[in-house]
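J.: any chance you can model this:
(chains A and B)
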Amino acid sequence: MEKRTLNRRDFLRLTAAAATGAVMAACAPAAPEVVEKVVVQTVEVEKIVEKEVKPAGALKIAFWTPASQQDIWGEKMWLMTDKFNQAHEGELYVDYVYTPTTAGTQMVEKLLTNIAAGSPPDAAYFDRFIVPSWAGEGSLTDITELANQAGVKEDDYFPFAWAEATWKGRLYCLPFDTDDRAIYYNKDHLEEAGFDSDEKSFPTSIEEFDAMAEKLTIKEGPRFKRMGFIPWSGQGWIFSYGWTWDGKFYNPDTLEVTFNDPKIVAACEWMVSYADKYGMENVESFAQAFGGEAQQPMDAGLLSIEYNGDWMIAHHKRYKPDLNYGVVPMPWPEGGRAATWAGGWSWVIPKGAPNMEAGWEFISFMGSPEEVHWYCVETSHIPTQTAYAADPVYTEDPHHKVFMDLLPIANCRPPLPVGNLLWNDQVEARDLMIHGQKTPKEALDDVTEAGNEAMKKYL
Amino acid sequence: MQMFSLEALRTSRMARRNLFYGVLFASPWLLGIILFTAYPLVASLYYSFTEYTVVNPVKKFVGLSNYTNLILKDDVFHRSLYNSVYFALFSIPLGIIVGVGLAMMLNMKIKGQPVYRTIYFLPVLIPDVAMAILWIWVFNAQFGIVNTLLWQLFGINGPGWLASPVWSKPTVILMSLWTVGQGVVIYLAALQDVPRSLYDAAEVDGANALQKTRHVTLPMITPVIFFNLIMGMIGSLQYFTIAHVITGGDGRPGQSLFFYAMYLYRNAFAFFKMGMASAQAWILFAVVLIATMLVFRTSARWVYYGGEEAR
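T.: Okay, the predicted model is just below:
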């Protein structure tokens, strides 16, 4: 009897068939549940809906934000998104996607790369001061008409918020919240060191402040157990101290960048003096123990005084409710002043978003005064709509009252088209200065030069 | 089977058919390499002479200014190049020395030799990102295991490691030694190839272990060392992933971990200076090319390919 063995040719044929079958099976797209035709403005869009992700028949709005749901702000934002989804059940569904910012900048590189590639999300949470920079590059959709139709008016908002939201007279974002900054200090630590912990007794001169910080610092041998103050922690940027020293970062008439203003150089020299006094190496090693959430340095008892934003009130409330702290404006040198600066975020529709109208539906909800008000109360921020910012709830908390009192004199970052570049450069400059790689004057000269060079094409 | 030749192409139909089928079967690969390698290469060369943000599709021709700005005026470029060269200069020789040493030890006939070889190779299998996060915690200046042990066992107050601008690069170089197993495996193979007769002859001449290593083992494995040197140079000048994860992309502290590829990435995808990033890529290509050619040029002096007649 002849043995029925597989000869080589048949074996190869069988293997090829099996491999092809496997590849075809893997490549076959998931069976489409519902095919939806949606008319968005004048563009017809066909959407294939994934049943397990969202309700059948609903149009998916892709929403990217650097607010992680693990943090307070992301959690509240997600609740707002959920509220929108429930209100629009069956028609619209917002897919909340967390996309972190690039270190040392305030922008999301994944978002901007996708805009450049032509496949952006429909809505995004965008830091407001960089809106002019990116609108100038053509990355954001002009929402002036949509805003006009919805009745959004310039007068509703703080002037600085509107200035940051526009580029060449057109609106590119819906301002959302704002904030400002001051000094948080641990009253228990002050009392232990023999200081009067009341807000009214807190030093207003920078020399007394430095002395207090030194007394609050505890060392164990060569290591730090606790530090009084670290200028570059929290919100201690060059902007923060530059304004306290009464420096000017740009000339609003000529639009010249003036980061090397002598007063700003002086402020940075003060900041660097902390690195020299305490030994940068030791401070950096100590600061490696700092983290977010419950490991935030003030909550962990590692730092007695910190320059930070008003949103930390909500943070401390959640992670260390028994923290006995006070809030005062940043002390100033002679010739300086009590200063603060305001930031804040906004809602944008990226250029080339596939569902612009649905995206607008979503961001006009998120940017509506009632929602902004709810968010700001929950996260201790401040609404950009002046009518709501005047609500007494924001001055109820005595800590937050300090921030609200400072708001009328708050500075804001230069609303120039090189705003994003200036921010990135000052982050880098601060890093180089405190590590002694450049003197404050050198570093600030470089930032000024780079900024003015980049401004040339806009002037 | 008929061999392909140019004359045959002109004359023979069968040769032409052979050529046609050959190209047809190679076409998927040809298409891939043209679309995904050749085109991007040429395009990037073109972009390097333009100002191009990608967000704005306009490519403004600026000639050599990207190159001159980088090489002459940009001190971040110089710092990033210095960082990458520093890393390459220290990590490659260390890697070779440690690799060869380990391979020689792992070549000894002891019990459990395969187990030890596996253990030394395992770190190579760990993904870069996971490894970076692991090392961040090991080298944490306050809580990390290294400083804790240094303090408790030796009473030494450990340095800032990744937080110190002075120690950060040495730390990263130490981290790269953890994955030396990849080279060890190749050295092991080379060590097996050293002819036993040479060792016997050396013993007859009265050589001790150190002399045998210096005069027999090392010269015989120089081809493999040469290979690892070239590969190491190409790889370490492009060092990116781990430093990017550790520093979040900006090379902190004080830009001491800001490697060349990180600056390139940031220019391209964070600042959208695609033209400048492309110029950087081609400068890196030139640097690696020159370095490789230099090593090749000097190789005749120290690399011994067994089987060649002695010159």
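J.: in the stretch 201-350 of chain A, where is pLDDT below threshold?
T.: The stretch 201-350 of chain A contains no residues with pLDDT under 70.
J.: could you point out which element follows the lowest-mean-pLDDT helix or strand in chain B?
T.: The helix or strand of chain B with the poorest confidence is helix B:6-11; it has a mean of 63 (mean pLDDT, DSSP states H and E). Remark: after helix B:6-11, the chain's next helix or strand is helix B:13-33, criterion DSSP states H and E.
J.: run the chain-centre distance for that following helix.
T.: 34 Å (CA atoms, centre = their mean, to the nearest Å).
J.: anything in it near chain A?
T.: No - against chain A, helix B:13-33 shows no contacts by CB under 8 Å from any CB of the partner chain, the least distance being 13.7 Å. (Each C-beta comes from the backbone N, C-alpha and C, glycine too.)
J.: over to stretch B:58-73?
T.: No - Stretch B:58-73 stays out of contact with chain A when judged by CB under 8 Å from any CB, the minimum separation being 9.9 Å.
J.: quick one: mean pLDDT for that stretch?
T.: Average pLDDT, stretch B:58-73: 91.
J.: what comes up buried for that stretch?
T.: Neighbour-count burial for stretch B:58-73 flags B:59, B:62, B:65, B:66, B:67, B:70 (criterion: 16 or more other CB atoms under 10 Å in any protein chain shown).
J.: so which strand or helix has residue 116?
T.: No chain in the question, so chain A it is. Going by DSSP H and E, residue A:116 is in helix A:109-117.
J.: try chain B instead
T.: Using DSSP H and E, residue B:116 sits in helix B:113-121.
J.: next secondary structure element downstream of that helix?
T.: helix B:128-138.
J.: what does that next one contact?
T.: Outside helix B:128-138, the residues that touch it by CB atoms under 8 Å, 6 or more residues apart in numbering or on different chains are B:123, B:126, B:143-146, B:162, B:175, B:178-179, B:241-242, B:245-246.
J.: most neighbours out of these, which is it?
T.: The residue in the contacts of helix B:128-138 with the most neighbours, by other CB atoms under 10 Å in any protein chain shown, is residue B:162 (29 neighbours).
J.: what distance do you get for it to chain A?
T.: 8 Å (CB to the nearest CB, to the nearest Å).
J.: residue contacts, that residue?
T.: So, once contact is read as CB under 8 Å, 6+ apart, residue B:162 ends up touching A:288, B:135, B:136, B:139, B:140, B:141, B:168, B:171, B:172, B:246, B:257.
J.: spatially, and excluding backbone neighbours, which residue is closest to residue A:429.
T.: The shortest distance from residue A:429 to any residue other than its chain neighbours is 4.0 Å, reached at residue A:443 (CB to CB, 6 or more residues apart in numbering or on different chains).
J.: surely that neighbour meets residue A:435?
T.: No - counting by CB atoms under 8 Å, residue A:443 does not reach residue A:435; the two are 10.6 Å apart.
J.: how close does residue B:125 sit to chain A?
T.: Taking CB to the nearest CB, one finds residue B:125 at 25 Å from chain A.
J.: near chain B, which residues of chain A?
T.: Residues of chain A lying near chain B (CB under 8 Å from any CB): A:102-105, A:107, A:109, A:112-113, A:115-117, A:137-139, A:221-223, A:281-282, A:284-289, A:351, A:421, A:424, A:427-428, A:431-432, A:434-437.
J.: tell me if residue A:318 really is in a strand.
T.: No - counting by DSSP: H, G, I helix; E, B strand; the rest coil, residue A:318 is not part of a strand but helix.
J.: how about it, nearest residue that isn't a chain neighbour?
T.: residue A:72 (6.3 Å).
J.: gap between the one you found and chain B?
T.: According to CB to the nearest CB, residue A:72 and chain B sit 21 Å apart.
J.: neighbours of that residue, just the number please.
T.: Residue A:72: 19 neighbours (other CB under 10 Å).
J.: I'd assumed residue A:314 was in contact with it.
T.: Yes - assessed by CB under 8 Å, residue A:72 is found in contact with residue A:314 at 5.5 Å.
J.: shared neighbours, those two?
T.: Applying CB under 8 Å, 6+ apart, one finds that residue A:72 and residue A:314 are jointly contacted by A:378, A:379.
J.: got the buried residues for stretch B:232-246?
T.: B:232, B:233, B:236, B:237, B:238, B:239, B:242, B:243, B:244, B:245, B:246.
J.: what's near enough to touch the third one?
T.: So that's residue B:236. Contacts of residue B:236 (CB under 8 Å, 6+ apart): B:84, B:87, B:88, B:91, B:92, B:176.
J.: give me the distance between the first one and residue B:238.
T.: In this view, residue B:84 and residue B:238 are 8 Å apart by CB to CB, to the nearest Å.
J.: now the common contact residues for the two.
T.: With CB under 8 Å, 6+ apart as the test, residue B:84 and residue B:238 both reach B:260, B:261.
J.: any weak-confidence spans in chain B?
T.: In chain B (pLDDT under 70), the answer is B:1-11, B:306-311.
J.: so of the contacts of helix B:128-138, which ones are in helices?
T.: B:145, B:146, B:175, B:241, B:242, B:245, B:246 (DSSP state H).
J.: dump those into JSON lines; add distance to chain A as well.
T.: Compiled in JSON lines, the ones in helices among the contacts of helix B:128-138 are given as follows (distance: CB to the nearest CB, whole Å):
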{"residue": "B:145", "distance to chain A": "13"}
{"residue": "B:146", "distance to chain A": "12"}
{"residue": "B:175", "distance to chain A": "16"}
{"residue": "B:241", "distance to chain A": "15"}
{"residue": "B:242", "distance to chain A": "15"}
{"residue": "B:245", "distance to chain A": "10"}
{"residue": "B:246", "distance to chain A": "10"}
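J.: got the phi and psi for residue A:347?
T.: Main-chain torsions, residue A:347, degrees, to the nearest 10: phi -110, psi 130.
J.: for the spatially most central residue of chain B, grab phi and psi.
T.: With the centre of chain B defined as its mean C-alpha position, the nearest residue by CA atoms, centre = their mean is residue B:235, 1.6 Å away. Torsion angles at residue B:235 (phi, psi; degrees, to the nearest 10) stand at phi -70, psi -50.
J.: and the nearest residue to residue A:251 once chain neighbours are set aside, how many residues sit next to it?
T.: Nearest non-adjacent residue to residue A:251, counting by CB to CB, 6+ apart: residue A:258, 6.0 Å away. By the criterion of other CB under 10 Å, residue A:258 has 18 neighbours.
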